[in-house]
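Student: Based on what follows, work out the 3D shape:
(one chain, ligands or ions: 1)
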Amino acid sequence: MSQALNIDIVRKDKDLQPPLYAKRDIALVRGEGVYLWDADGTRYLDLVSNYGVNILGHAHPKVTEAIQRQAATLVSCHQSFSNDVRSAFLQKLLSIAPAGLTHAFLSNSGTEAIEAALKFAYVATGRTKVVAAKRGYHGRTLGALAATADKKYRDPFAGALAEATHVTYGDAEALAEAVDETTAAVVLEPIQGEGGIHPAPPGYLARAREIAHAAGALVIFDEIQTGFRTGTWFACQHAGVTPDLMALSKGLANGVPIGATLMTAEVAGALEGGVHGTTFGGNPLAAAAGLATLEALESEGWLAHSAEVGAYFIEQLRALAHPKVREVRGQGLMIGVELKGRATPVVRAMQERGVLALMAGSLTVRFLPPLLLTREQVDTAVAVFAEALG
Ligand SMILES: Cc1ncc(COP(=O)(O)O)c(C=O)c1O
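Tutor: Got it, this is the predicted structure:
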């Protein structure tokens, strides 16, 4: 394929949409496993996996087969009708959920999963105030945006956002001060993703649950980015803390749009018809992809693999002891390298060398690869990262 073809696609993609994204200058057209190809036929090692979505890599045979089979059977089915594949998916999802989360509402994205969690917490508590964390990211619909901290996203909509207080992540004292008898929910990521890959300090999630419950508020864990990626099904399982509501999306169906809001029987019991709804949520296509994804994660042993390879990745990054690196943080295959300077040039230099990485904030290079990554591919990634640092 010619260079002109790639540039032409990039230009149209850019010109025909509102300018909401800082575009990278390649057009990706195909993926297989941990690799992506652009329209010119250049191959990239994918440490982005669509911002953490393609947990089983691209075109995983079992997920592809499930999608093809379901596409030829029944794509769409409103949740007012029952469906065989949706039932099987829900059963599987709730069987791996932390004990106590017994019901799930299905939607189509991360922000929708949070939006539902907030509404359910409002209804279950009869309150509307949210306490969330500085650096926290929970999506950009108006409800979810109230919980998101970044002023850049919030300020244009300040007048339209629900009441929310943002406290320093990891500071239980600050949380205890902010939570009161008007608080519906405390919303936290077990590891902050967009905010720079910051794992919760030991004991923080358990303390947050205690503080919330003492005030009659609920705890929402946002596992949209952490889910399936940290060596266990869910990151809160490392801390042994179960929330009242848990939001999932990204990796859950390996690329088919999906969101899920898991909840306790108590929260489910407080909801009634009309509280929330969606036309596409729970569609059989996404359910089939989700079921195949969860089954493959389990039967092929990818959680244990990601714990092992992730620890190796972190070890190799730390071993670089590069003077431009401030800190390496993460768990499993959710890894951030905070630099002493801007991350953009490093991410760009890696792309030029055939490795795709992400930013998290302006200083952190973020790696969210498919769990399929091997030690050899880690070695390549670390060598390219070191070269890109200069
Ligand atoms: C922790 C977290 N919550 C919520 C979201 C929003 O998900 P979506 O972009 O699917 O709406 C994201 C997306 O990056 C996320 O990382």
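Student: A343 against V365, yeah?
Tutor: Yes: counting by CB atoms under 8 Å, A343 does reach V365; the two are 4.8 Å apart. Backbone N, C-alpha and C define where each C-beta goes, glycine included.
Student: And for the residue of the stretch 251-390 of the chain found nearest the ligand, the neighbour number?
Tutor: In the stretch 251-390 of the chain, the residue that lies nearest the ligand is G259 (7.0 Å; CB to the nearest ligand atom). Neighbour count of G259, defined by other CB atoms under 10 Å: 28.
Student: what's near enough to touch it?
Tutor: By CB atoms under 8 Å, 6 or more residues apart in numbering, G259 lies in contact with 106-113, 116, 247-249, 252, 281.
Student: Now for the residues you listed, which sits with the most neighbours around it?
Tutor: Compared across the contacts of G259, A113 has the highest neighbour count, 33 neighbours, by other CB under 10 Å.
Student: Make sure V219 is indeed in a strand.
Tutor: Yes: judged by DSSP: H, G, I helix; E, B strand; the rest coil, V219 forms part of a strand.
Student: Pull up the gap between it and the ligand, please.
Tutor: Using CB to the nearest ligand atom, to the nearest Å, V219 is found at 15 Å from the ligand.
Student: Need the nearest residue in space to I335, chain neighbours excluded.
Tutor: Leaving aside its chain neighbours, I335 sits nearest to F367 (4.4 Å; criterion: CB to CB, 6 or more residues apart in numbering).
Student: Now do the buried residues in stretch 25-32.
Tutor: Counting neighbours by 16 or more other CB atoms under 10 Å, one finds that the buried residues in stretch 25-32 are I26, A27, L28, G31.
Student: With respect to the ligand, which of these is nearest?
Tutor: L28 (17.9 Å).
Student: was I right about that closest one contacting D40?
Tutor: No: using CB under 8 Å, L28 is not in contact with D40; the gap is 10.9 Å.
Student: Pull the contacting residues for the residue of the stretch 51-200 of the chain found nearest the ligand.
Tutor: Among all residues of the stretch 51-200 of the chain, G110 sits closest to the ligand, at 2.2 Å; criterion: CB to the nearest ligand atom. Taking CB under 8 Å, 6+ apart, we find G110 in contact with H138, G139, I224, A247, S249, K250, G259.
Student: So the fourth one lies in a helix, does it not?
Tutor: No: when classified by three-state DSSP, A247 is found to be strand rather than part of a helix.
Student: if I read this right, it contacts I220, doesn't it?
Tutor: Yes: taking CB under 8 Å as the definition, A247 is a contact partner of I220 at 6.7 Å.
Student: Can you pull the residues that touch both of those two?
Tutor: Counting by CB under 8 Å, 6+ apart, the residues touching both A247 and I220 are I114, A117.
Student: how about A184, secondary structure?
Tutor: Recorded secondary structure, A184: strand (three-state DSSP).
Student: sorry, back to before: and the residue nearest to I335, what are its phi and psi?
Tutor: Here is the backbone geometry of F367 (degrees, to the nearest 10): phi -120, psi 120.
Student: count of residues packed around it?
Tutor: As a burial measure, F367 scores 28 neighbours (other CB under 10 Å).
Student: now S95
Tutor: If you count neighbours by other CB under 10 Å, S95 ends up with 9.
Student: That one belongs to a helix?
Tutor: Yes: S95 forms part of a helix when assessed by three-state DSSP.
Student: Quick check: buried residues in stretch 162-170?
Tutor: The neighbour-count check on stretch 162-170 (16+ other CB under 10 Å) flags A162, A164, T165, H166, V167, Y169, G170 as buried.
Student: meant to ask about stretch 264-273
Tutor: If you call a residue buried by 16+ other CB under 10 Å, then stretch 264-273 has these buried ones: T264, V267, A268, A270, L271.
Student: Go through those residues and flag which are in helices.
Tutor: Judged by DSSP state H, these include V267, A268, A270 as members of helices.
Student: For the second one, which non-adjacent residue is spatially closest?
Tutor: In space, A268 comes closest to H103 once its chain neighbours are excluded; the distance is 3.9 Å by CB to CB, 6+ apart.
Student: next one: the last one
Tutor: Across the structure, with CB to CB, 6+ apart as the measure, the residue nearest A270 apart from its sequence neighbours is A124 (4.0 Å).
Student: The one you found looks like it's in a strand, true?
Tutor: No: counting by three-state DSSP, A124 is located in no strand; its state is helix.
Student: Can you report how many residues neighbour it?
Tutor: The tally of other residues near A124 (other CB under 10 Å) stands at 23.
Student: Helix, strand, or coil at the residue nearest to the spatial centre of the chain?
Tutor: Centre of the chain computed as the mean C-alpha position; nearest residue by CA atoms, centre = their mean is Q225, 1.9 Å away. Here Q225 is recorded as coil under three-state DSSP.
Student: what's the distance between it and L368?
Tutor: Using CB to CB, to the nearest Å, Q225 is found at 7 Å from L368.
Student: go on, A164?
Tutor: 26 Å.
Student: what does E266 give?
Tutor: Between E266 and L368 the computed distance is 33 Å (CB to CB).
Student: what's the answer for A117, then?
Tutor: Distance from A117 to L368, by CB to CB: 22 Å.
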